[in-house]
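1. predicted model follows, preceded by the sequence.
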Amino acid sequence: MQPLEDTAAKAASKVRSKVKRFSHPTYPWLFPPDCEKDIEPVITQWLKDEANLEYISRRTSKPFKSDPSKNVVEAYAIVWTDKSGVLERPFPGKHLVIMGLEYVDENNGLPRFEEKQKLSHGEFILVS
C-alpha cells in the first residue's frame, strides 16, 4: 500500500482539475463537484490507521464503530483559495476532521486554528 501522503497528493491533483469557480459566498473555498470517488481512497486509508482513530476517539469521547467508515457522515473535497479566515465550530455534538490533500497554511487558505498552522499531505486537524 502506498503511503497516505502519496494517496492524498494523487487525490489533490484529481480534485484540482475539477475546480471551476468559487462555490461559497462567505468562506474562502472552492467546492469541486463529483469528487467523492477521488477522495474515497484517502478516507479509507486514513480510517485504517488505528492511531488516527484512537486520537479522534480520545478527543471526542466517542468510540468508532466496528466499521469506522460508518462514522463518516459526509465527506467533501474542498480546495482552499488564497484567503484565510475563521471556520465556525460544528454544531454541538458534531465533529469535523479536515485532512490536507496538499500543503496548506494561512497563506493559501487554511482557516486559522490555534493548534495547527499548516497541514501537509495526509495530515489532519479535528474541529469540534
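-> The structure has been received and is ready for your questions. Numbers count the residues shown, from 1 in each chain.
2. what's the end-to-end length of stretch 71-87?
-> 22 Å (CA to CA, to the nearest Å).
3. in which helix or strand does the residue in the chain sticking out farthest from the centre reside?
-> Using CA atoms, centre = their mean, the residue of the chain lying farthest from its centre is Ser66. It sits 21.8 Å away. Using DSSP states H and E, Ser66 is not contained in any helix or strand.
4. Glu40 versus that one, what's the distance?
-> 20 Å (CB to CB, to the nearest Å). For glycine as for every other residue, the C-beta is placed from the backbone atoms N, C-alpha and C.
5. equivalent analysis for Pro111, please.
-> Distance from Pro111 to Glu40, by CB to CB: 24 Å.
6. so which of the two has more stuff around it?
-> Pro111 (20 against 13; other CB atoms under 10 Å).
7. okay, now the nearest residue to the more buried one once chain neighbours are set aside: neighbour count?
-> In space, and not counting its chain neighbours, Pro111 is closest to Leu87: 3.8 Å by CB to CB, 6 or more residues apart in numbering. Look at Leu87: counted by other CB under 10 Å, it has 17 neighbours.
8. next, Leu87: phi, psi?
-> Dihedral angles of Leu87 (phi, psi; degrees, to the nearest 10) stand at phi -100, psi 130.
9. now Ala12
-> phi -60, psi -40.
10. that one reaches Glu102, doesn't it?
-> Yes: Ala12 is within contact range of Glu102, at 4.0 Å (criterion: CB atoms under 8 Å).
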